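Visitor: A structural model of the following input is requested.
(one chain, ligands or ions: 1)
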Amino acid sequence: MSAPTLKIGLAGFGNVGAGVYRNLEKNRKLLCERTGYHLEISRIAVRNREKARLAEAPTELFTENLSDLLDDPEISIIVELIGGTDQAFDLIKGALERGKSVVTGNKALLAERGRELFAIAEACDRPIHYEAAVAGGIPIIKAMQESLIANHIQSVTGIINGTCNYILTRMFEAGLSYETALAEAQELGYAEADPALDISGWDAAHKAIILASLSYGRWVPCDQIHVEGIENIRSEDVNFATTLGYVIKLLGVIRLHSETRSIELRVQPSLLPVRHILASVKGVFNAVAVQGDLVGETIFYGSGAGADPTSSSVIADIADAAMWTRPNPGSGLVTHSLYGDTLPIGDSISKYYLRVDAEDRPGVLARIAAVLGENEIGILSVIQPEEHEADTAPIVLMLHYAPYRRILTALDQIALLDCVRGRPILMRVEDVG
Ligand code: HSE
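Guide: Reported below is the predicted structural model:
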């Protein structure tokens, strides 16, 4: 075939990097037919050659110097898969300044320094492609940048961390404890190198910040997103949720409050009715529900992690970057500063699930109900199982719509009651869409 060759520098050769190399080779002919280029990885930068997966690519491609990629004038696309926020930032900045296109899957970097990076990209008139940064193989970035461009985005609700979804699914379906399910997820290699990022909710938070930037043209600072992880969910919450007809999912919620022009942005474990379509998203799968004013609700579903699905997104970005090498690429950069503020988390409203472990004696339920009443919080339903351990009884209350601030005040007061044991567990009941 007489197609021209486009040279690519790949930085990082972990699971995803090796998957990108393998699958570019595997689908080389198809990609050439579709893009009009031979896409060739001509250098691979790794931290330590001794520890690199040298058997998975020709050894002469490997280098420990990122400058071998940056300073090679024949390389026109840099793929950043090294992770972290410092060296990766310098690599991307260096690539843009040298007129190279960039592909990255680094959600933490974009969430923390996206504003800076896109300013550099605009100044250099070079693109940054980042399909792999959110929800692995699901093409949600391009869908929001291109296919949904005609819509005012009203909300985005996503299951965007495969590790947490795997853990919660195993707790619900196999009755595993949180600890056993986490150990299983780690054994299967789903968790990030530092699993704390997954279970604390921060991996999902980084992705939610990126989705918010696509929805509302604004990079929300990391200290303005409310983030809770799944560490405190116990088997009894799983059992109560099941009894009540719900599942628990770690959700990223991005919602526009048009009257105040503020954005609600949060990641929290939340109860979803078992009949809701997102409730059926299981294991490491992710799903993102986008509500637009013209399109209504759309749902994007697929593998949120794993080398092959994520490489599908990285290679799509490489193909996109190849298009940019043409004289009229016709693709735009994301705009900034469309909306002003982030909604204070205390002002966000929902229904709630509250579990209180309390002494099993007369009057306890009345005291808890009194605190809720004083805070103008309505009770939708109450469960207290007859069978429970010793003299401590779990009381589960489903609470009516109320601002989060008011619920937290009530929670603090309930936690101080002398009949209450430990910190009560609170989760939102989510209205999706
Ligand atoms: N550790 C992430 C997850 C995969 O579990 O979803 C890539 O973001």
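Visitor: Which residue is the nearest non-sequential neighbour of the residue in the stretch 201-350 of the chain that the ligand sits nearest to?
Guide: Taking Cβ to the nearest ligand atom, the ligand has its nearest neighbour within the stretch 201-350 of the chain at residue 305, 3.6 Å off. Glycine gets a C-beta too; all of them are placed from N, C-alpha and C. Leaving aside its sequence neighbours, residue 305 sits nearest to residue 162 (Cβ to Cβ, 6 or more residues apart in numbering; 4.0 Å).
Visitor: Contact partners for the one you found?
Guide: For residue 162, the contact set (Cβ atoms under 8 Å, 6 or more residues apart in numbering) comprises 136, 190, 283-286, 303-306.
Visitor: Among the residues you listed, which pair sits farthest apart?
Guide: For those, the maximum inter-member distance is 12.6 Å, found between 136 and 283 (Cβ to Cβ).
Visitor: Quick one: name the residues of the stretch 301-433 of the chain near the ligand.
Guide: Contacts of the stretch 301-433 of the chain with the ligand, taken as Cβ under 6 Å from any ligand atom, map to 304-305.
Visitor: residue ranges of the strands in the stretch 301-433 of the chain, please?
Guide: For the stretch 301-433 of the chain, strands defined by DSSP state E, counting those that start in this stretch occupy the ranges 341-342, 349-359, 379-383, 392-403, 425-429.
Visitor: Make TSV from those and add mean pLDDT to it.
Guide: Written out in TSV, the entries for these read as follows (pLDDT from 0 to 100):
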stretch	mean pLDDT
strand 341-342	85
strand 349-359	96
strand 379-383	95
strand 392-403	95
strand 425-429	95
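Visitor: Please name whichever of these is nearest to residue 273.
Guide: strand 425-429 (8.3 Å).
Visitor: Name the residues that touch that closest one?
Guide: Judged by Cβ under 8 Å, 6+ apart, the contacts made with strand 425-429 from elsewhere in the structure are 232-234, 237, 246, 248, 268-272, 350-355, 398, 407, 411.
Visitor: Type out the ChimeraX command that picks the buried ones from those.
Guide: Under the burial definition 16 or more other Cβ atoms under 10 Å, those of the contacts of strand 425-429 that qualify are selected in ChimeraX by:
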select :233,237,246,248,268,269,270,271,272,350,351,352,353,354,355,398,407,411
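Visitor: got any ranges where the stretch 251-400 of the chain has weak pLDDT?
Guide: Applying pLDDT under 70 to the stretch 251-400 of the chain picks out residues 326-340, 388.
Visitor: 90 instead?
Guide: Of all residues in the stretch 251-400 of the chain, those with pLDDT under 90 make up the ranges 258-261, 305-306, 323-342, 360-362, 384-392.
Visitor: model confidence over stretch 123-134, on average?
Guide: The pLDDT scores in stretch 123-134 average 96.
Visitor: in it, what's buried?
Guide: The neighbour-count check on stretch 123-134 (16+ other Cβ under 10 Å) flags 124, 126-134 as buried.
Visitor: okay, those residues in JSON lines with secondary structure next?
Guide: Listed next are the buried residues of stretch 123-134 as JSON lines, based on DSSP: H, G, I helix; E, B strand; the rest coil:
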{"residue": "124", "secondary structure": "helix"}
{"residue": "126", "secondary structure": "coil"}
{"residue": "127", "secondary structure": "coil"}
{"residue": "128", "secondary structure": "strand"}
{"residue": "129", "secondary structure": "strand"}
{"residue": "130", "secondary structure": "coil"}
{"residue": "131", "secondary structure": "helix"}
{"residue": "132", "secondary structure": "helix"}
{"residue": "133", "secondary structure": "helix"}
{"residue": "134", "secondary structure": "coil"}
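Visitor: now what about stretch 72-83, what contacts it?
Guide: With Cβ under 8 Å, 6+ apart as the test, stretch 72-83 has contacts from 6-14, 16-17, 20, 42-43, 45, 47, 69-70, 88, 91-92, 95, 99-106, 108, 193, 314, 317-318, 321-322, 325.
Visitor: Okay, and which of those map to strands?
Guide: Restricting the contacts of stretch 72-83 to those inside strands, with DSSP state E as the criterion, leaves 6-11, 42-43, 45, 101-104.
Visitor: Would you format those residues as a markdown table with neighbour count included?
Guide: A markdown table is the format used below for the ones in strands among the contacts of stretch 72-83 (neighbours: other Cβ atoms under 10 Å):
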| residue | neighbour count |
| --- | --- |
| 6 | 22 |
| 7 | 18 |
| 8 | 26 |
| 9 | 27 |
| 10 | 30 |
| 11 | 26 |
| 42 | 15 |
| 43 | 22 |
| 45 | 27 |
| 101 | 26 |
| 102 | 25 |
| 103 | 29 |
| 104 | 28 |
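Visitor: any chance of these in a markdown table, plus pLDDT and distance to residue 35?
Guide: Compiled in a markdown table, those are given as follows (pLDDT from 0 to 100; distance: Cβ to Cβ, whole Å):
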| residue | pLDDT | distance to residue 35 |
| --- | --- | --- |
| 6 | 96 | 8 |
| 7 | 97 | 14 |
| 8 | 98 | 12 |
| 9 | 98 | 18 |
| 10 | 98 | 17 |
| 11 | 98 | 21 |
| 42 | 98 | 16 |
| 43 | 98 | 20 |
| 45 | 98 | 24 |
| 101 | 96 | 13 |
| 102 | 98 | 17 |
| 103 | 98 | 14 |
| 104 | 98 | 19 |
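Visitor: coming back round to it: neighbour count for residue 136 and residue 283, which is higher?
Guide: When neighbours are counted by other Cβ atoms under 10 Å, residue 136 comes out ahead of the other of residue 136 and residue 283, with 27 against 17.
Visitor: Report the contact partners of the more buried one.
Guide: Contacts of residue 136 (Cβ under 8 Å, 6+ apart): 162, 286, 302-306, 309-310, 313.
Visitor: which stretches of this protein form helices?
Guide: Ranges of helices within the chain are 15-26, 28-35, 67-70, 87-97, 107-124, 140-142, 162-173, 178-187, 195-199, 202-216, 235-244, 307-324, 364-374, 404-416, based on DSSP state H.
Visitor: how's the chain carved up into domains?
Guide: 5-136+308-324, 140-305, 347-429 (automatic domain parsing).
Visitor: Distance across the shortest one, terminal residue to terminal residue?
Guide: The first residue of domain 347-429 is 16 Å away from its last residue (Cα to Cα, to the nearest Å).
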